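Enquirer: build me a structure from this.
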Amino acid sequence: MTDFTIHTLESAPEASRPLLEDSNRSFGRLPGLHAVMAEAPALLDGYKHLHRLFGEATSFDKDEITVVWQTINVEHECHYCVPAHTGIAKMMKVDDAITEALRDETPLPNARLEALRSFTLQVVRQRGDLSAAQVEAFLQAGFTRQHILEVILGVAQKVMSNYTNHLAETPVDAVMQKFAWEKKAEAAA
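Expert: Model (predicted):
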């Protein structure tokens, strides 16, 4: 595997330094994902922008944001993002039952969140090529066309981080190691 640099403020390309300084201010530390992405300033900038938009500018509430993020992270088996978003969910005061159901791929506490997880999985697995019946089921669950497009925004953001973490084998940040995660083995048929 190719070794990727986990940059510091000093080693990062000049264009990434203000982005890393912002990350350091926001998190009180430099997240490993950002330190790896710093190698490509445009990627880091794009990721941070999409993260802010998805987390602050969509019509989803905190539980729904968490469902979209963690559904994608778990589906992509991202060793870094599942623990990171477990910690983020705790900071957002998302019910631990939601977080655990997402991490363990067990039923969510209500049908609306389950419909969101199902739809998000369909978007990821089918690369957005859903049937009219799948879209209608999502709309019937109380979501809107805006939500459909916002799921796509979440997928775009998570592809950036999940794929980077796979390729770079980004170490889980020390503060998130207590939320370490591995995909549960499939039950034998």
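Enquirer: could you use CA atoms for every contact and neighbour count after this?
Expert: Noted.
Enquirer: now name the helix or strand holding Val135.
Expert: helix 132-140 (DSSP states H and E).
Enquirer: so what does that helix touch, helix or strand wise?
Expert: Packed against helix 132-140, as judged by 3 or more Cα pairs under 8 Å, 6 or more residues apart in numbering; DSSP states H and E, are the following elements: helix 111-125.
Enquirer: report the contact partners of the most centrally placed residue in the chain.
Expert: What sits nearest the mean C-alpha location of the chain, by Cα atoms, centre = their mean, is Trp69, with 3.8 Å. Contacts here follow Cα atoms under 8 Å, 6 or more residues apart in numbering; on that basis Trp69 touches 85, 154-155, 158.
Enquirer: which two among those residues are spaced furthest apart?
Expert: Every pair in the contacts of Trp69 was compared (Cα to Cα); the two farthest apart turn out to be His85 and Val155, at 14.3 Å.
Enquirer: who's more crowded, the two?
Expert: Comparing His85 with Val155 by neighbour count (other Cα atoms under 10 Å), the higher total belongs to Val155, at 24 against 19.
Enquirer: phi, psi of that one?
Expert: Here is the backbone geometry of Val155 (degrees, to the nearest 10): phi -60, psi -50.
Enquirer: measure it to Ser16 for me?
Expert: Taking Cα to Cα, to the nearest Å as the criterion, Val155 is separated from Ser16 by 24 Å.
Enquirer: can you check Gly55 too?
Expert: 22 Å.
Enquirer: compare the two (neighbour count), which wins?
Expert: More neighbours sit around Ser16 than around the other of Gly55 and Ser16, counting by other Cα under 10 Å; the figures are 24 against 17.
Enquirer: I'd say Glu114 and Leu108 touch.
Expert: Yes - between Glu114 and Leu108 there is a contact under Cα atoms under 8 Å: 5.6 Å.
Enquirer: element containing Glu21, please.
Expert: Secondary structure from DSSP H and E places Glu21 in helix 17-27.
Enquirer: can you pull the buried residues of that helix?
Expert: Buried residues in helix 17-27, counting neighbours by 16 or more other Cα atoms under 10 Å, are found at 17, 19-20, 23.
Enquirer: list the helices and strands that helix packs on?
Expert: For helix 17-27, the contact count by 3+ Cα pairs under 8 Å, 6+ apart identifies helix 32-37 as packing neighbours.
Enquirer: dump the helix it packs on to CSV, keeping only the CA atoms.
Expert: Taking Å, rounded to 0.1, in the frame of the first residue of the first chain, the C-alpha atoms of helix 32-37 are listed here in CSV:
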residue,chain,number,x,y,z
GLY,A,32,-6.1,12.4,11.1
LEU,A,33,-8.4,12.5,8.1
HIS,A,34,-7.8,16.2,7.6
ALA,A,35,-4.0,15.7,8.1
VAL,A,36,-4.1,13.1,5.3
MET,A,37,-6.3,15.1,3.0
